[in-house]
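Peer 1: Fold the following, please.
(chains A and B)
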Number of protein chains: 2
Amino acid sequence: MKACIFAVGSEMLTPFRVDTNSLVITERLNTIGYDVRLKAVVADEVGELADVVQSALHWADLIVITGGLGPTEDDITRDAVARVLKVPMEVDERIVDRIRERFARRNLAMPEINRRQGMVPRGATVVDNPNGTAPGLWLEHGHTAIVLLPGPPREMKPMFEALVRDRLAPASTGAGLFRRVLKITGRTESDVDAQAQPIYGQWTTEPVPISTTILAVLGQIELHLTAHASGQAEADAALDAAVRRLEEALAPAVYSADGRPLEAVIGDLLREKKLTIAVAESCTGGLLTSRLTDVPGSSEYVDRGAVCYSNQAKIEMTGVPEALIREHGAVSEAVAEAMAAGIREHARTNIGIGITGIAGPGGGTPEKPVGTVCIAVIVDDQTRVRTFPFFGGREMVKFQATQAAMNMLRLLLIRGTA
Amino acid sequence: MKACIFAVGSEMLTPFRVDTNSLVITERLNTIGYDVRLKAVVADEVGELADVVQSALHWADLIVITGGLGPTEDDITRDAVARVLKVPMEVDERIVDRIRERFARRNLAMPEINRRQGMVPRGATVVDNPNGTAPGLWLEHGHTAIVLLPGPPREMKPMFEALVRDRLAPASTGAGLFRRVLKITGRTESDVDAQAQPIYGQWTTEPVPISTTILAVLGQIELHLTAHASGQAEADAALDAAVRRLEEALAPAVYSADGRPLEAVIGDLLREKKLTIAVAESCTGGLLTSRLTDVPGSSEYVDRGAVCYSNQAKIEMTGVPEALIREHGAVSEAVAEAMAAGIREHARTNIGIGITGIAGPGGGTPEKPVGTVCIAVIVDDQTRVRTFPFFGGREMVKFQATQAAMNMLRLLLIRGTA
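Peer 2: A predicted model of the protein is given here:
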């Protein structure tokens, strides 16, 4: 079945705003068999909104419109829909009564302007709004259902969820699109795809077809698996098997198939193995420690982090010998290893990590260009040190370095090497 | 003049993707007098795309369509536009020749499928693509210009910029929308609006009208000023005066009117005053030091940061007396101040900052609920300590605490108090 989503509001047509309601609505509709074919943001102009809604009316089974249901002249969604369906507007006194009660509960008189919210296209059914004055509306026209919801997410979401539960899901066959995301780091996109494509390429013609998209985001590759299944149980069976096949083929590069970010995966490993960690960072400036401590409960295993930006700080906070910096340079594997060993000894933790590099834009040399980062990871008696050539601007280099450091630690913990 | 923007591609209708091309296009169109009234993401289906383009044809002066110009069956933009304009498709041999040359330069034969990219609606003018095989197309129909551009931003952007320069800007009067953003922290949205609205409320009827939107984002309030002016110079004069009025009224809460984030404002102040800084963080986990070091050249003034997550780390890294923690608790103004003083002394910097708090979700008590954060800022012989009640989840509390700490420092530096 085909759906389209319209968001009404001129304020969402500036260069600063993106419409996120449609992402929530798309995800939920996909699970009950709707394919979202069109989504649009439309200005507060009744004719323009009516035109674009009209254009989808003959092919869409479901039209969801958010926003433009307030009490002011700018709120034109109800009028536009009445124009498209060629029905008159009528006052629904029950809506007016409910709004009046809502104001009365706060000891306020309903402003006369709010009566506008009681004007609805003939034939509309009211959808209660537990979090605001604007009621939602449900209309039907031929094979098309038209749903009007308020724009603010905290009003829209519970109303949409109630509509899915009470009206849309019961009418659906249960079939729909069901998704999984595999997150991978430490490999290139082309490398992952060369290995994964021969596997996932066969799934599009299976009884439960799965389509796969590869997406390169900073510091990681994602494989998005979408199963077209008759229901959740069938989808789970197919997706579980698919995830296992890809995890085996790409092992150990897949770090999560359940949405967890890398820092949460590290947190679970450290808790499970009862290990503690301390970090010494130079070019990443505290970002690694910050990401590790984004995880609730991380105080169980994170003891401390030293952001030793100046050479003197490296010497004083992690005990790196001054001579070592003089001999190898501050950005060197020797210094990274000494930082990791030093912070681990100071903190008396199982794990020490040292990161030193050139985040740019200045500071690069022909031998050590911007993006060069040395990372050392020590877990008890095992030490691994690597030098990476990262790309992009300062914040991109910082993020990639934290991904690489966590991945070195992950690999050392799960297979004893990195 | 009215514009609309369509992005073509089913892959952009998943719950994971937002269309960002339209933001870039909107910003640029606004400066040459186009008001973007509709933007949509459309699936790869020729009839559905044709319907929605058709719906805008009679009111739009400019229709920009990105994506769907590749060589495969899925690439339906050219066909949809031909259908809307009721013109036949024709082969443009010059396009085919150019694509063939492009392949030849890499010693490749052009695949036969790429001939599809030479099929264009009759009357189309080619727009060169310096970064790819898909040429852009320019068509006119009545008062409406229709522009077809490839989807990848690195191909789209230079082509769109060339079209603006060569075709759209010369035809424009120079009038358009010109913007400024004032960034404010340490105040509530309603508080800022109560003070600013009587000022900006008068500007909508000025000779150069300015409309103002207030936007609350985490840890800051933004005032977006949009001037409708006859050109850049007129806009600059009106916006400069408007920014000055608001800065005076809200002083010293406005920290930037030129796009700089708070960490860059701090960086410029420290460089100007030749001051150095060291930070001791507990609940923020390194985020403050990471933000300070996001600024290029920050190694000039950031000496070090201590992320002292455990009590033992606080004692060892910043010299906080164990008795002080026992007496006041780790989350206390006394401990925050001792952390700031200790790290400043260790690092021999002008400035020391100490942050200790409860980021949650666990660890709250009735006296010190989740979100309680104590922050101390010391600049030479001046010390300021405050306790804040932040809201939201762990990452939200962390971010708000770093905003508050930088703002305390900013206020101490510019007016000697915080």
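
Peer 1: Kindly report the residues of the stretch 301-418 of chain A close to chain B.
Peer 2: Residues of the stretch 301-418 of chain A found near chain B (Cβ under 8 Å from any Cβ of the partner chain) are A:302-310, A:312-313, A:316-317, A:346-347, A:359-363, A:394-395, A:398. From N, CA and C alone the C-beta is placed, and that goes for glycine too.

Peer 1: And the helices in the stretch 251-400 of chain A?
Peer 2: A:262-273, A:287-292, A:311-318, A:322-328, A:333-347, A:394-415 (DSSP state H, counting those that start in this stretch).

Peer 1: Deepest-packed of the ones you listed, please.
Peer 2: helix A:287-292 (a mean of 29; mean count of other Cβ atoms under 10 Å in any protein chain shown).

Peer 1: Run me through the strand neighbours of the host helix or strand of residue A:227, direction for each.
Peer 2: Counting by DSSP states H and E, the element that carries residue A:227 is strand A:220-229. Strand A:220-229 has its sheet partners listed here by DSSP bridges as strand A:176-184 (antiparallel), strand A:210-217 (antiparallel).

Peer 1: Comparing these, which yields the minimum mean pLDDT?
Peer 2: Lowest mean pLDDT of the strands paired with strand A:220-229: strand A:210-217, a mean of 86.

Peer 1: List the buried residues in that strand.
Peer 2: A:210, A:212, A:214 (16 or more other Cβ atoms under 10 Å in any protein chain shown).

Peer 1: how far away is the last one from residue A:246?
Peer 2: Put plainly, it is residue A:214. 11 Å (Cβ to Cβ, to the nearest Å).

Peer 1: anything in contact with each of these two?
Peer 2: Residues touching both residue A:214 and residue A:246 comprise A:196, A:223, with contact defined as Cβ atoms under 8 Å, 6 or more residues apart in numbering or on different chains.

Peer 1: Show the secondary-structure elements that the one helix or strand residue A:137 maps to is packed against.
Peer 2: In the assignment (DSSP H and E), residue A:137 maps to strand A:136-141. Applying 3 or more Cβ pairs under 8 Å, 6 or more residues apart in numbering or on different chains; DSSP states H and E, one finds that strand A:136-141 contacts helix A:77-85, strand A:119-121, strand A:125-127, strand A:144-149, helix A:153-163.

Peer 1: Can you lay out the helices of the stretch 251-400 of chain A as TSV showing mean pLDDT?
Peer 2: Putting these into TSV (pLDDT from 0 to 100) gives the following:
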stretch	mean pLDDT
helix A:262-273	98
helix A:287-292	98
helix A:311-318	97
helix A:322-328	97
helix A:333-347	98
helix A:394-415	96
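
Peer 1: Those residues of the stretch 101-250 of chain A touching chain B, which are they?
Peer 2: So the stretch 101-250 of chain A meets chain B at A:179, A:213, A:215, A:224, A:226 (Cβ under 8 Å from any Cβ).

Peer 1: ok, 7 Å please
Peer 2: A:213, A:224 (Cβ under 7 Å from any Cβ of the partner chain).

Peer 1: Now tell me what touches stretch A:1-9 from outside.
Peer 2: A:19, A:21-22, A:25, A:29, A:33-42, A:44, A:49, A:52-53, A:56, A:59-68, A:77, A:151 (Cβ atoms under 7 Å, 6 or more residues apart in numbering or on different chains).

Peer 1: Could you rerun that using 8 Å?
Peer 2: A:19, A:21-22, A:25-26, A:29, A:33-44, A:49, A:52-53, A:56, A:59-68, A:76-77, A:151, A:172.

Peer 1: Quick check: mean pLDDT of it?
Peer 2: 95.

Peer 1: cool, and stretch A:128-143?
Peer 2: 91.

Peer 1: got it, and stretch A:229-241?
Peer 2: 94.

Peer 1: and what of stretch A:32-44?
Peer 2: Here the average pLDDT along stretch A:32-44 is 94.

Peer 1: what comes up buried for it?
Peer 2: Within stretch A:32-44, the residues that count as buried by 16+ other Cβ under 10 Å are A:32-44.

Peer 1: Just the ones of these in strands?
Peer 2: Within the buried residues of stretch A:32-44, residues falling in strands by DSSP state E are A:35, A:36, A:37, A:38, A:39, A:40, A:41, A:42.

Peer 1: of the residues you listed, closest to residue A:269?
Peer 2: residue A:36 (37.4 Å; Cβ to Cβ).

Peer 1: The closest one and residue B:12: what is the separation?
Peer 2: On the measure of Cβ to Cβ, residue A:36 and residue B:12 end up 10 Å apart.

Peer 1: Over to residue A:212?
Peer 2: From residue A:212 to residue B:12 the distance is 17 Å (Cβ to Cβ).

Peer 1: now residue A:294
Peer 2: 29 Å.

Peer 1: Next: residue A:215.
Peer 2: Residue A:215 is 12 Å from residue B:12, by Cβ to Cβ.

Peer 1: got it, and residue A:385?
Peer 2: From residue A:385 to residue B:12 the distance is 42 Å (Cβ to Cβ).

Peer 1: Same check on residue A:325?
Peer 2: Counting by Cβ to Cβ, the gap from residue A:325 to residue B:12 is 49 Å.

Peer 1: Same check on residue A:272?
Peer 2: 39 Å.

Peer 1: Export only the CA atoms of stretch A:132-152, formatted as PDB.
Peer 2: In PDB, the C-alpha atoms belonging to stretch A:132-152 read as follows (Å, rounded to 0.1, in the frame of the first residue of the first chain):
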ATOM      1  CA  GLY A 132      -2.800  19.900  23.300                       C
ATOM      2  CA  THR A 133      -5.800  21.700  22.000                       C
ATOM      3  CA  ALA A 134      -5.600  20.800  18.300                       C
ATOM      4  CA  PRO A 135      -7.600  17.600  17.700                       C
ATOM      5  CA  GLY A 136      -6.600  15.200  14.900                       C
ATOM      6  CA  LEU A 137      -9.000  14.300  12.100                       C
ATOM      7  CA  TRP A 138      -9.600  11.100  10.100                       C
ATOM      8  CA  LEU A 139     -11.300  11.200   6.700                       C
ATOM      9  CA  GLU A 140     -11.900   8.700   4.000                       C
ATOM     10  CA  HIS A 141     -12.300   9.400   0.300                       C
ATOM     11  CA  GLY A 142     -12.600   6.400  -2.100                       C
ATOM     12  CA  HIS A 143      -9.700   4.000  -1.200                       C
ATOM     13  CA  THR A 144      -7.700   6.800   0.400                       C
ATOM     14  CA  ALA A 145      -7.600   7.500   4.200                       C
ATOM     15  CA  ILE A 146      -6.500  11.000   5.100                       C
ATOM     16  CA  VAL A 147      -5.100  11.700   8.500                       C
ATOM     17  CA  LEU A 148      -4.600  15.200   9.900                       C
ATOM     18  CA  LEU A 149      -2.300  15.500  13.000                       C
ATOM     19  CA  PRO A 150      -0.800  18.500  14.900                       C
ATOM     20  CA  GLY A 151       2.900  19.300  14.100                       C
ATOM     21  CA  PRO A 152       4.600  19.300  17.600                       C
END
